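>>> Structure for the following, please:
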Amino acid sequence: MPGEDRPRQAGDRIESLLDALGAGGAVARGRAEELVRQVTDLYGSGLARILEILDDRGQLDRATLDALTADELVSSLLVIHGLHPQDLETRVTAALDSVRPYLGSHGGNVELLDVSPEGVVRLKLLGTCQGCPSSSVTLKFAVEEAIESAAPEVTAIQVVEEESRPATPAVIPVDALLVRLNHPDGGDAGNGGAGDGGGGRNGAGGTRTAPGAGPAGNWHEHAPGCWQAAPEIAGLEQGEVAGFLVGGYPVLACRTGQDLYAYRDYCPRCTGSMAGATLQRALAGPVGGGLLRCPACRAHFDVRQAGSCLEDRNLHLDPLPLLVRSGVMSVAVPAVSSQDA
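Residues are numbered from 1 along each chain as shown. Okay, here's the model as predicted:
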């Protein structure tokens, strides 16, 4: 929707103006802040009056409330002025539900323990998400972002870790067993590169990452990044795998069932790009496939278990946060330095 970023830009502009006025002294800044409060209260009263009129006319039904609270800008205004129909815990719960598909790509989940009267949210990361090397990124770019957007009055987020438990192994496909027989030492079946995987999405047109993207460390070893819009990922068909260059960073995405997963386009086993990778279904596994197969070394990675490698459990793909933000599918990618490029 045009102008979706204007509220954020306006908020940033207000902060900049307040900082500039603060340079004139404490009195000048105090007056500026009082002016902002008065204007905010005025518009808050107007918003409350609009809701009263709709309610008096019998037009503030559940469908209308759901539509209002589903809009990010309107919902935030309702929260600011104490008009939101949902309490804090309900909104936090809904925020966590919105990130569960991404947490599933880590083979984990999140449980809301409680929300204190002071606005402190206590969470527990479950499954392999708790032990995932990217768990700090998970919290920063997914869980915290979702909670802060739905409930800006939250004062702190605390994470309680559960005791680690052995992950349930996935069923290994027949050709994975052959790879183990042919390469018992876990060596490459290929020579490091991604073979002939080149431009174009696997099986469809699209923006493809360049083969042989360098390793440059894990996600959490990069400089802090940011969310980047990637609407093409949402267009993936069932069982489709494709590569994208998002913010200069190579991303491999796939869809299995209703779930979308995004990973760094890098195979930790053969240290090459996974251009040309395919989704396979494990024996006795669910329909739709859940194993990404590297075309170069034929290693298999379980997308539902944080990209864990079936041939070597010490290896795994690097999951990337994937969420719908302001109605657009977005992925959080680390900053790419000139050395990485």
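>>> tally of neighbours for T278?
Using other CB atoms under 10 Å, T278 is surrounded by 17 other residues. Just so you know, the C-beta spots here come from the backbone N, C-alpha and C atoms, and that holds for glycine as well.
>>> give the contact list for the closest residue to it other than its chain neighbours.
Using CB to CB, 6 or more residues apart in numbering and skipping the chain neighbours, the partner closest in space to T278 is R293 (5.2 Å). R293 is in contact with A277, T278, L279, Q280, A299, H300, F301, counting by CB atoms under 8 Å, 6 or more residues apart in numbering.
>>> Kindly report the same for S16.
With CB under 8 Å, 6+ apart, S16 has no contacts at all.
>>> cool, and H81?
Counted by CB under 8 Å, 6+ apart, H81 has contacts G44, L47, A48.
>>> Taking these, please make a PyMOL selection of just the buried ones.
In PyMOL, this line selects whichever of the contacts of H81 come out buried by 16 or more other CB atoms under 10 Å:
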select buried, resi 44+47
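>>> Next, format the contacts of H81 as TSV and append pLDDT.
Converted to TSV, those look like this (pLDDT from 0 to 100):
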residue	pLDDT
G44	86
L47	89
A48	89
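>>> For the residue nearest to T278, list each beta-bridge partner.
Residues in a beta bridge with R293, per DSSP bridges, are T278, H300.
>>> what bridges to A332?
Assessed by DSSP bridges, A332 has beta-bridge partners W227.
>>> Is it in contact with A229, as I believe?
No. Assessed by CB atoms under 8 Å, A332 is found out of contact with A229, at 11.2 Å.
>>> and the two? which has more neighbours close in?
A count of neighbours by other CB under 10 Å puts A332 above the other of A332 and A229, at 26 against 14.
>>> pLDDT score assigned to the more buried one?
A332 is assigned a pLDDT of 84 by the prediction.
>>> Touching stretch 229-236 from outside, list them.
By CB under 8 Å, 6+ apart, the surrounding residues in contact with stretch 229-236 are 206-207, 242, 244, 246, 251, 253-255, 260, 262, 322, 324-325, 328-331.
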